[in-house]
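1. take this sequence and fold it.
(one chain, ligands or ions: 2)
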Amino acid sequence: MDNWDLFLAPYKQAVDELKIKLKGMRQQFELEDLHSPIEFVTGRVKPKTSILNKSTEKTSHDQIQDIAGLRIMCQFVDDIHSVVKLLRIRTDLNVVEERDYISNKKQSGYRSYHVVVEYPVQTRNGEKEILAEIQIRTLAMNFWATIEHSLNYKYQGQIPTAIGLRLQRAAEAAFQLDEEMSLIREEIQEAQAIFQKK
Ligand code: 0O2
Ligand code: 0O2
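-> Ligands and ions are numbered 1, 2, ... in the order given. Okay, here's the model as predicted:
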């Protein structure tokens, strides 16, 4: 095992544990036949090359907030706020920062709510506080961000203007989709409840 594996091990542990805990929140809603604000959860440890790229701007690896990264996908924008409230009241993690890119979308058109948490993992050498970034977004926001991320990667951050404009329009369409779905939210939830019971 090299030094990188040793360095990343507690981050991996944090991602694995948080993924189980966040998925558990969804199951609790389902058990009570309630609408879950969490649709699905993914997680990853930042790859070594991305950490090295990012740490040139920041002083040390330990200060990078998203080496451990979790993503919570929601059906509706209101669900995002419910999830944030659920995170704030948990006693097994500590919310240290929130970045609201929904009220303040990024120039690219990116929308999501980011919560940085401190999470203690138990290691052979005692407890270690790990920073993890939880990105909370709707399915529409996720669709847009996933595609924009691939294009950014392909063009190494220099997306051609014409494609950039299309992405801006797609971001607007994703926003409209979220708005429309919010308006018929109750209707959708009723239908989903009937479907789930079946
Ligand atoms: P279930 O029973 O389907 O919920 P993992 O290690 O596989 O848990 P990872 O590698 O972080 O998670 O991410 P992955 O594999 O991309 O996706 C995690 C979970 O999210 C998987 O479910 C996927 O089925 C689910 N998922 C991914 N994309 C979508 C999507 O677009 N819509 C929905 N509804 N679910 C999605 P699980 O955990 O394997 O089990
Ligand atoms: P990954 O793992 O490839 O997604 P900085 O990263 O320094 O710009 P900061 O303040 O450290 O920003 O963190 P911020 O902006 O809260 O979160 C950065 C992460 O948010 C990114 O991670 C993306 O996952 C996501 N993100 C932010 N802006 C955009 C955007 O315009 N488009 C897309 N698709 N995603 C965005 P990384 O570092 O890119 O890593």
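
2. enumerate the residues of the chain near ligand 1.
-> 39-40, 42-44 (CB under 6 Å from any ligand atom). Placement of C-beta: from N, CA and C, glycine included.

3. now do the contacts for residue 124.
-> For residue 124, no contacting residues are found, by CB atoms under 8 Å, 6 or more residues apart in numbering.

4. next one, pLDDT for it please.
-> With respect to pLDDT, residue 124 has a value of 91.

5. mind listing what's buried along the lengthiest strand in the chain?
-> Identified as the longest strand of the chain according to DSSP state E is strand 126-138. Going by neighbour count (16 or more other CB atoms under 10 Å), the buried part of strand 126-138 is 130-138.

6. would you turn those into JSON lines with pLDDT and distance to residue 50?
-> JSON lines is the format used below for these (pLDDT from 0 to 100; distance: CB to CB, whole Å):
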{"residue": "130", "pLDDT": "97", "distance to residue 50": "17"}
{"residue": "131", "pLDDT": "97", "distance to residue 50": "15"}
{"residue": "132", "pLDDT": "98", "distance to residue 50": "15"}
{"residue": "133", "pLDDT": "98", "distance to residue 50": "13"}
{"residue": "134", "pLDDT": "98", "distance to residue 50": "18"}
{"residue": "135", "pLDDT": "98", "distance to residue 50": "15"}
{"residue": "136", "pLDDT": "98", "distance to residue 50": "21"}
{"residue": "137", "pLDDT": "98", "distance to residue 50": "20"}
{"residue": "138", "pLDDT": "98", "distance to residue 50": "25"}
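
7. returning to what we had before: out of the residues of the chain next to ligand 1, which are buried?
-> By 16+ other CB under 10 Å, the residues of the chain next to ligand 1 give residue 43 as buried.

8. reformat the residues of the chain next to ligand 1 as a markdown table; add distance to residue 18 and secondary structure.
-> Shown next, in a markdown table, are those (distance: CB to CB, whole Å; DSSP: H, G, I helix; E, B strand; the rest coil):
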| residue | distance to residue 18 | secondary structure |
| --- | --- | --- |
| 39 | 17 | coil |
| 40 | 14 | strand |
| 42 | 11 | strand |
| 43 | 7 | strand |
| 44 | 11 | strand |
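
9. can you put the residues of the chain next to ligand 1 in TSV and add distance to ligand 2 and pLDDT?
-> What follows is the residues of the chain next to ligand 1, written out as TSV (distance: CB to the nearest ligand atom, whole Å; pLDDT from 0 to 100):
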residue	distance to ligand 2	pLDDT
39	18	97
40	17	98
42	11	98
43	11	98
44	7	98
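
10. any stretches of this protein with poor pLDDT?
-> Regions of the chain meeting the criterion pLDDT under 70 cover residues 1, 57-59.

11. get me the contact residues on it for ligand 2.
-> Counting by CB under 6 Å from any ligand atom, the residues of the chain close to ligand 2 are 46, 50, 66, 69, 99, 106, 108, 110, 114, 145, 148-149.
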